[in-house]
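*Asks:* Would you be able to build a 3D model of this:
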Amino acid sequence: MSTLKLFPIILILFASIFPIFTFATLASSSEDMTVSAINRAEEVIALAYQSVLEAEKAGADVSGLVTRLNAVVELLAEAHISYRLEDFDDAVRSANLCYEKGEKVRFDADRMRDLAVEDGRQRFWWTIVESIVGVGVVICGGFLSWHLFKRRYFHGMRPE
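*Replies:* Sure thing, here's the model as predicted:
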């Protein structure tokens, strides 16, 4: 057979196989996008967890942040489950929602850490001021008491 006669057959064969390659490429692209979204969500969870730990070390009350962080981890688990079930759209949706909420937790944890550090500094300076004032009051009270005691003691010892 000549190449010219085979051309329609090759064209029909190519047209029937092309959608399979296109679908495989689209599926691969969708899967890659899902993996990327899940990895991004995992990274933000790790950063949010680190920020919550730093806020707790600074003295902030992080119980609300821990609750929110647990909810974010549940969204990540949903994304992993959807990925395993090959529901890539739902997996991407859960991963993106996880990323957004994780960023909010991280931002709030950083803000709480900064407030706790500033509060610690203020308490430190107030403690120093209160200590100085307290020492001053004790010293002044001691001198005043000594002066009054000396006055009465020597006043009673004077000859009349």
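*Asks:* Would you tell me what helix or strand Glu74 is located in?
*Replies:* Assigned by DSSP states H and E, Glu74 falls within helix 63-84.
*Asks:* Heading C-terminal from that helix, find the next helix or strand.
*Replies:* Using DSSP H and E, the helix or strand that directly follows helix 63-84 along the chain is helix 88-157.
*Asks:* Contacts for the helix holding Glu74 next, please.
*Replies:* Under the contact criterion C-beta atoms under 8 Å, 6 or more residues apart in numbering, helix 63-84 has outside partners 34-35, 37-38, 41-42, 45, 48-49, 52, 55, 88, 90-92, 94-95, 97-98, 101-102, 104-105, 108-109, 112. Placement of C-beta: from N, CA and C, glycine included.
*Asks:* do stretch 44-54 as well
*Replies:* Residues outside stretch 44-54 that contact it (C-beta under 8 Å, 6+ apart) are 62, 65-66, 69, 72-73, 76, 98-99, 102-103, 105-106, 109-110, 113.
*Asks:* if you set the cut-off to 10 Å instead, what comes out?
*Replies:* 60, 62, 65-66, 68-69, 72-73, 75-76, 95, 98-114, 116-117 (C-beta atoms under 10 Å, 6 or more residues apart in numbering).
*Asks:* Can you flag the buried ones in the contacts of helix 63-84?
*Replies:* Using 16 or more other C-beta atoms under 10 Å as the burial test, the contacts of helix 63-84 include 34, 37-38, 41-42, 45, 48-49, 52, 55, 88, 90-92, 94-95, 97-98, 101-102, 105, 108-109, 112 as buried.
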